[in-house]
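S.K.: from the sequence below, what's the structure:
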Amino acid sequence: MARHPHAEEILGFYVAVLEAQEPVWRWAGSALRAAPPPASPRLAVEALDPVVLQARFRELLGPLVVVAPPSLSEVGAGLLEQPARALAESVAVALGSEAEAADGVAGQALLFFGSAFLEPIVMAARGEPGTASAAGSAATAGRADSRASHSPPAGGTDGTTTCRFCGRAPLVAVLLDDAQTKGGRLAVCGFCTERWTMRRAVCLACGESDTARLLHHVSESFPQVRVEECGSCRTYHKTIDLRVEGRAVPVVDELASVELDLWAQERGLEKLTPNLLGL
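M.R.: Model (predicted):
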């Protein structure tokens, strides 16, 4: 954060989110351990005790309402007053079953709080490590080497452009060298952290493979972050190049480089997948 003071507020809030998520991840991991692995985020939620689920939702809301931006804080305070209804609505919006409800400030707040709550549950269901212990420490105490956690999964190249577990489009891509591939590309889901290998020359949104229509842009401020633009569908996403900065933590660098989002959106591009903070 010292190199990019403009990102300090964003990353500070993100660390608060991660810290609030950690107890949810620990509880969900323990509660789901004896159950068969769920096939979807919805099944992971349905496998948990609804009474405890509601209590955990309140526990996550409490600290976040204090530190959230005013637009989120106001809605969050209202959710605390009616946790049962708030949990149902937030989870439905975050799972996409009420996508139209995400319009407007209140809808975006429901999406944020629902996603913040579901994310650690889904990660626990998939056996992923805790949130604050991983990305949180990277944001506050310097970047940890992330090559191991982003090494290509077994199974070779996957041509799909959506997450195999939760069906979402990826948040970010990663470039890295390994024993088998130089400049290999991983797509990373921002919701459940699933990752899968992808061909380099293909749009993550529409599948365009004409290299003349696939552009990338690099800023001097963030040399490890590439803005990948598709000339066909006019979407963009960020790619973190671990060959440039091997200690980069993709989700943290994706957040910290918010100025690249502003630049891309000024060009009329639409982001493929907003991050947890809606940026």
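S.K.: only C-alpha atoms for contact and neighbour calcs from this point on.
M.R.: Fine.
S.K.: tell me the helix or strand right after the helix or strand containing Trp196.
M.R.: Element membership of Trp196 [criterion: DSSP states H and E] is strand 195-198. Sequence-wise, the next helix or strand downstream of strand 195-198 (DSSP H and E) is strand 214-218.
S.K.: restricting to C-alpha, output that next one in PDB.
M.R.: What follows is strand 214-218, C-alpha atoms only, in PDB (Å, rounded to 0.1, in the frame of the first residue of the first chain):
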ATOM      1  CA  LEU A 214      -7.500  -9.200 -28.200                       C
ATOM      2  CA  LEU A 215      -5.500  -6.300 -26.800                       C
ATOM      3  CA  HIS A 216      -3.600  -5.900 -23.600                       C
ATOM      4  CA  HIS A 217      -2.500  -2.700 -21.800                       C
ATOM      5  CA  VAL A 218       0.100  -2.300 -19.100                       C
END
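S.K.: who are the packing partners of it?
M.R.: The contact analysis (3 or more Cα pairs under 8 Å, 6 or more residues apart in numbering; DSSP states H and E) places strand 214-218 against strand 225-230.
S.K.: could I have whatever helix or strand comes next after the strand it packs on exported to CSV, CA atoms only?
M.R.: Per DSSP H and E, the first helix or strand lying C-terminal to strand 225-230 is strand 235-241. The C-alpha coordinates for strand 235-241 follow below in CSV (Å, rounded to 0.1, in the frame of the first residue of the first chain):
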residue,chain,number,x,y,z
THR,A,235,-15.3,-6.4,-22.0
TYR,A,236,-12.1,-6.4,-20.0
HIS,A,237,-10.5,-8.2,-17.1
LYS,A,238,-7.2,-7.9,-15.4
THR,A,239,-4.4,-10.4,-15.6
ILE,A,240,-1.7,-10.6,-13.0
ASP,A,241,1.7,-11.5,-14.5
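S.K.: quick one: strand 235-241 to chain centroid distance?
M.R.: Strand 235-241 sits 13 Å away from the centroid of its parent chain (Cα atoms, centre = their mean, to the nearest Å).
S.K.: what is the orientation angle of that strand with strand 225-230?
M.R.: Using axes from the mean of the first three to the mean of the last three Cα atoms, to 10 degrees, the direction of strand 235-241 lies 150 degrees away from that of strand 225-230.
S.K.: who's in contact with strand 235-241?
M.R.: Strand 235-241 has contacts (Cα atoms under 8 Å, 6 or more residues apart in numbering) with 171-176, 205, 224-230, 248, 250, 253-254, 264, 269-273.
S.K.: what about Glu74, how many residues close to it?
M.R.: 15 (other Cα atoms under 10 Å).
S.K.: and it, what does it touch?
M.R.: Counting by Cα under 8 Å, 6+ apart, Glu74 makes contact with Val65.
S.K.: hang on, it in a strand?
M.R.: No: looking at Glu74 with DSSP: H, G, I helix; E, B strand; the rest coil, it is helix, so not inside a strand.
S.K.: noted, bye for now.
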